[in-house]
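Asks: Sequence below, structure please.
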Amino acid sequence: MNNRIAVVPGSFDPPTLGHIDVIARAASLYDELHVLVVHNPDKQAMLPIAQRLTLLEQSIAEAGIGENIIVASWSVGLLVDYAEDVNAGVLIKGIRSQVDVAYETPMAIVNRHLAHVETVFLLPDPSHALVSSSLVRQVAALGGDVSPFVPGPVARFLDPGKDSIES
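Replies: Okay, here's the model as predicted:
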């Protein structure tokens, strides 16, 4: 496995500025970065995987960080199977709090045991540390403005009338 190839997995439902922050910093650390939309059977998705892929690609392009980034999805098998398929030696996980550390640590240990894939935890910029996709979904569902928390393509998708009103 090549440790210069890494995978950033997540549900990205929807992508947030915190996700883009972690992706940008991870892209600067690795030669090739796979941003992987994974299906989480424990979560009720707001957006279909195809829409999340499109929003991630648009958000990464708008942020100007896409030179070494591959956006893909994975819904069958273990995450480490994907990592092995692309010769990635590292999984990148964004960590917002001790709750995330407690949740991610056992998975990191199991992934290392199963496939000798290491997990690297990256902290988000403090301005994004309290934002989660579930919070964005809740605000959007109640008609609130999510633009401070998500990239432009996501904000425009979730509130398509906003641009035409402000223009």
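Asks: CA only for contacts and neighbour counts going forward, please
Replies: Noted.
Asks: Tell me where the protein has strands.
Replies: Assigned by DSSP state E, the strands in the chain fall at 2-10, 32-38, 69-74, 88-94, 118-122.
Asks: The second one pairs with which strands, and in what direction?
Replies: Pointing back at strand 32-38 there. Applying DSSP bridges to the sheet, strand 32-38 is found paired with strand 2-10 (parallel), strand 69-74 (parallel).
Asks: swap in the last one?
Replies: Taking DSSP bridges as the criterion, strand 118-122 sits next to strand 88-94 (parallel) in its sheet.
Asks: How about Gln58: what's its closest non-neighbour residue?
Replies: Distance criterion Cα to Cα, 6 or more residues apart in numbering; nearest residue to Gln58, sequence neighbours excluded, is Pro153 at 6.3 Å.
Asks: what about that neighbour, how many residues close to it?
Replies: Counted by other Cα atoms under 10 Å, the residues lying close to Pro153 total 21.
Asks: from what I can see Asp145 touches Gln138, true?
Replies: No: contact criterion Cα atoms under 8 Å: Asp145 and Gln138 do not qualify, at 10.8 Å.
Asks: Distance of the spatially closest residue to Met46 that is not a sequence neighbour relative to Val150?
Replies: Excluding the flanking residues, the one nearest Met46 by Cα to Cα, 6+ apart is Asp13, at 6.4 Å. As judged by Cα to Cα, to the nearest Å, Asp13 and Val150 stand 11 Å apart.
Asks: Can you pull out the residues in contact with stretch 90-102?
Replies: By Cα atoms under 8 Å, 6 or more residues apart in numbering, the list of residues contacting stretch 90-102 from outside reads 3, 5-9, 19, 22, 26, 83, 104, 117-124, 129-130.
Asks: of those, buried ones?
Replies: Among the contacts of stretch 90-102, the ones that count as buried by 16 or more other Cα atoms under 10 Å are 5-9, 19, 22, 26, 83, 104, 117-124.
Asks: pLDDT value on the closest residue to Glu104 other than its chain neighbours, please?
Replies: Nearest residue to Glu104, sequence neighbours excluded (Cα to Cα, 6+ apart): Lys93, at 8.0 Å. On pLDDT, Lys93 comes in at 97.
Asks: cool, Gly161 as well?
Replies: 68.
Asks: Over to Leu130?
Replies: pLDDT, Leu130: 88.
Asks: Then Asn3?
Replies: 54.
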